[in-house]
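**Q** mind looking at a prediction? Sequence and model below.
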Amino acid sequence: AQAIMPYVVGGSEVYQQQTSWPLVLEHSDVVVLWSANPLNTLKIAWNASDEQGLSYFSALRDSGKKLICI
């Protein structure tokens with residue numbers, strides 16, 4: 001699994017910081033979401049939800065890039 005991790009999450013270490021949304025938007029043509037529904041889960045937090053990632057999904061939609069949800 002660690003062999004493909006840099007291509008999936010941006011690094012080979014499990015606890016390493018993942019690739020930021022601005023970089024994903026700038027350098028990708030296709031974004032694949034595997035077993036996730038971020039439009040729901042980004043609204044959930046340990047305390048008050050900050051919903052930080054939602055604006056990036058709007059930017060992804062507006063960019064015309066392909067989004068695949070599996």
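**A** Here it is on my side, so go on.

**Q** immediately after the top helix by length along the chain, which helix or strand?
**A** The longest helix of the chain (DSSP state H) is helix 54-63. Downstream of helix 54-63, the first helix or strand assigned by DSSP states H and E is strand 66-69.

**Q** which parts of that next one are buried?
**A** Going by neighbour count (16 or more other Cβ atoms under 10 Å), nothing in strand 66-69 comes out as buried. Heads up, the C-betas are built off the backbone N, CA and C, glycines and all.

**Q** pull up the pairing partners for that strand, direction included.
**A** Strand pairing for strand 66-69, using DSSP bridges, gives strand 30-33 (parallel).

**Q** in the strand it pairs with, what counts as buried?
**A** For strand 30-33, the neighbour count (16+ other Cβ under 10 Å) marks Val31 as buried.

**Q** need the contact list for the residue nearest to Leu33 when sequence neighbours are not counted.
**A** Spatial nearest neighbour of Leu33, chain neighbours left out: Cys69 (4.8 Å); criterion: Cβ to Cβ, 6 or more residues apart in numbering. Counting by Cβ atoms under 8 Å, 6 or more residues apart in numbering, Cys69 touches Val32, Leu33, Ala36, Asn37.

**Q** same question for Gln52.
**A** Contacts of Gln52 (Cβ under 8 Å, 6+ apart): Leu42.
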